[in-house]
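Colleague: Here you go, sequence then predicted model.
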Protein chains: 2
Amino acid sequence: MQDDLVTVGEAAEQDGLLYRIRRLVLGGDFPPGAVLPEAFLAQEFDVSRTPIREALKQLQHEGLVEIRPKVGTFVREPTRREIIELFQLKESMEGLAASLLARRGEVAELAVLRRNLEESEMASLTHDTDAYARLVHEFHWTIVRGSDNTKLVEHYERLMNQLAYQRLVLRTVEHPGRLEASTREHRAVLEMIEHKDPFGAESAMRNHVHASSREALSDPATDPRR
Amino acid sequence: MQDDLVTVGEAAEQDGLLYRIRRLVLGGDFPPGAVLPEAFLAQEFDVSRTPIREALKQLQHEGLVEIRPKVGTFVREPTRREIIELFQLKESMEGLAASLLARRGEVAELAVLRRNLEESEMASLTHDTDAYARLVHEFHWTIVRGSDNTKLVEHYERLMNQLAYQRLVLRTVEHPGRLEASTREHRAVLEMIEHKDPFGAESAMRNHVHASSREALSDPATDPRR
DNA sequence: AAAGCATATGTTGCATACATGAAGAGCGTC
DNA sequence: GACGCTCTTCATGTATGCAACATATGCTTT
């Protein structure tokens, strides 16, 4: 169902193990800082430690966990500084995506974006934050996929995994007035794309991501102590 | 010491295995499309197949090799399309880096850049292409590291590995007139950074990368048949 | 002679066993 | 009573063995 939309490029995941463990980490089932014993995961997924180790090593390279040699694997939470850094990258990448999409003709993604905007306005009016969070996710991913740049998609996916973005969005959509502002920004982006204005689209997208990042960083959940 | 500059973020590589195998692949010791048997690498590096497999799996996620299940691991060469895509990303990321660096004060990186530019002009006059290729590498990496954004550095490193950039640069610096043009572009970037003009720096950097990508793509070595 | 099939081989994928090293508990000493 | 040391325990890191599968070879059949 929506999972197909949510996981997007992950469909190409040959071994679901990496994906499943990533969900475990991102889903917050394990408290950040906690250890994930290989033996436990092996038993949990009914495989040997070997494939578990391969997946964990990959997650380490993604920055989601930290493997302290001979000690264990720990769930890693991005520091506030890293969140800022990742948002800067997000702004750049999504700006590029919007620009590339604007250069393309009338492609299927545009219809998805228009429909998404309509549904977002509905969700905004009814203050259905869960639906809105899902729509935001879809909007951004549609633009990135619409860039028709597979390498951008790959790096973006990696970036979003590092950000643990879902958690952040669920917080920011609850800020008063953010839904309406976000929808306006989405509309501006879409209009620029429809006008085939790459610079305008990039600019609008970067503005939007920047605003969104400020919202996320202003949230107390992004613990400033770290 | 210069090795530290060249290998940059790789210093954090705990197991040199991944790094060493990557060098093997990027160094072109294996013909693209050739298999790298795990057993051979295991014997070569005097370890068991297990750490070899971990490294290969990582290289697969980096896009440098392709693991066909139950068949073998093959050296993967980026297609022309992928090179275009990667250059678009490079342009975006380096633009971001230049912008961020321009926002910072007088940092140590600026001195490195100034010195680099001087040496580049020398190399340009004497047509020392090897030295110039090294200096180009240093110039770009210095800007990226100077962005003071570790996540950008990580993604950039990944990107450059995927591009197998060294091979490309060695070709383009031999294009007539390219050295002079490249040096002019570098100067423009540095001036914008010194003037603390983030937008100008980003713009100049993107122009430069764009020009450089056209050079690389015009080279017959970037096989258009693929 | 050509096409199809069975077999053989070589490689990966996973599981298990063992070695290595780190953190913690318990004891002895100051 | 507190500190330091040793030993135990447990988790990871690596090696090896075995099974599964894809490819290639040679044989049989038409």
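Modeller: Sure thing, it's come through.
Colleague: which helices and strands does the longest helix anywhere in chain A pack with?
Modeller: Looking across chain A with DSSP state H, the single longest helix is helix A:80-103. Here helix A:80-103 touches helix A:129-146, helix A:150-163, helix A:178-194, helix A:198-218, helix B:80-103, helix B:150-163, going by 3 or more C-beta pairs under 8 Å, 6 or more residues apart in numbering or on different chains; DSSP states H and E. (Glycine included, C-beta is placed from N, CA and C.)
Colleague: now do 10 Å
Modeller: Judged by 3 or more C-beta pairs under 10 Å, 6 or more residues apart in numbering or on different chains; DSSP states H and E, the packing partners of helix A:80-103 are helix A:108-126, helix A:129-146, helix A:150-163, helix A:165-172, helix A:178-194, helix A:198-218, helix B:80-103, helix B:150-163.
Colleague: can you tell me the average pLDDT over the shortest one?
Modeller: Read it as helix A:165-172. What helix A:165-172 shows for mean pLDDT is 75.
Colleague: Packing partners of that helix?
Modeller: Short answer (3+ C-beta pairs under 10 Å, 6+ apart): helix A:165-172 packs on helix A:16-26, helix A:80-103, helix A:129-146, helix A:150-163, helix A:178-194, helix A:198-218.
Colleague: again with the first one
Modeller: With contacts defined as 3+ C-beta pairs under 10 Å, 6+ apart, the secondary structure elements packing on helix A:108-126 are helix A:80-103, helix A:129-146, helix A:178-194.
Colleague: Other residues contacting it?
Modeller: A:5, A:101, A:104, A:128-136, A:138-148, A:173, A:178-184, A:186-187, A:189-191, A:193-194 (C-beta atoms under 10 Å, 6 or more residues apart in numbering or on different chains).
Colleague: Tell me what angle that helix forms with helix A:178-194.
Modeller: 160 degrees (axes from the mean of the first three to the mean of the last three C-alpha atoms, to 10 degrees).
Colleague: if we can go back for a sec, buried deepest among the helices and strands packed on helix A:165-172, which one?
Modeller: helix A:80-103 (a mean of 23; mean count of other C-beta atoms under 10 Å in any protein chain shown).
Colleague: Alpha carbons of that one, in PDB - could you do that?
Modeller: Presented in PDB, the C-alpha positions along helix A:80-103 are these (Å, rounded to 0.1, in the frame of the first residue of the first chain):
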ATOM      1  CA  ARG A  80      22.000  18.900  15.900                       C
ATOM      2  CA  ARG A  81      25.000  20.000  13.900                       C
ATOM      3  CA  GLU A  82      24.700  17.000  11.600                       C
ATOM      4  CA  ILE A  83      21.000  17.800  11.200                       C
ATOM      5  CA  ILE A  84      22.000  21.300  10.000                       C
ATOM      6  CA  GLU A  85      24.500  19.900   7.700                       C
ATOM      7  CA  LEU A  86      22.100  17.400   6.300                       C
ATOM      8  CA  PHE A  87      19.500  20.000   5.700                       C
ATOM      9  CA  GLN A  88      22.000  22.100   3.800                       C
ATOM     10  CA  LEU A  89      22.600  19.100   1.600                       C
ATOM     11  CA  LYS A  90      18.900  18.500   1.300                       C
ATOM     12  CA  GLU A  91      18.300  22.000   0.200                       C
ATOM     13  CA  SER A  92      21.000  21.700  -2.500                       C
ATOM     14  CA  MET A  93      19.900  18.300  -3.800                       C
ATOM     15  CA  GLU A  94      16.200  19.100  -3.900                       C
ATOM     16  CA  GLY A  95      17.000  22.400  -5.600                       C
ATOM     17  CA  LEU A  96      18.800  20.500  -8.200                       C
ATOM     18  CA  ALA A  97      15.900  18.100  -8.500                       C
ATOM     19  CA  ALA A  98      13.400  20.900  -9.000                       C
ATOM     20  CA  SER A  99      15.600  22.500 -11.500                       C
ATOM     21  CA  LEU A 100      16.000  19.300 -13.500                       C
ATOM     22  CA  LEU A 101      12.300  18.600 -13.400                       C
ATOM     23  CA  ALA A 102      11.500  22.000 -14.600                       C
ATOM     24  CA  ARG A 103      13.700  21.400 -17.600                       C
END
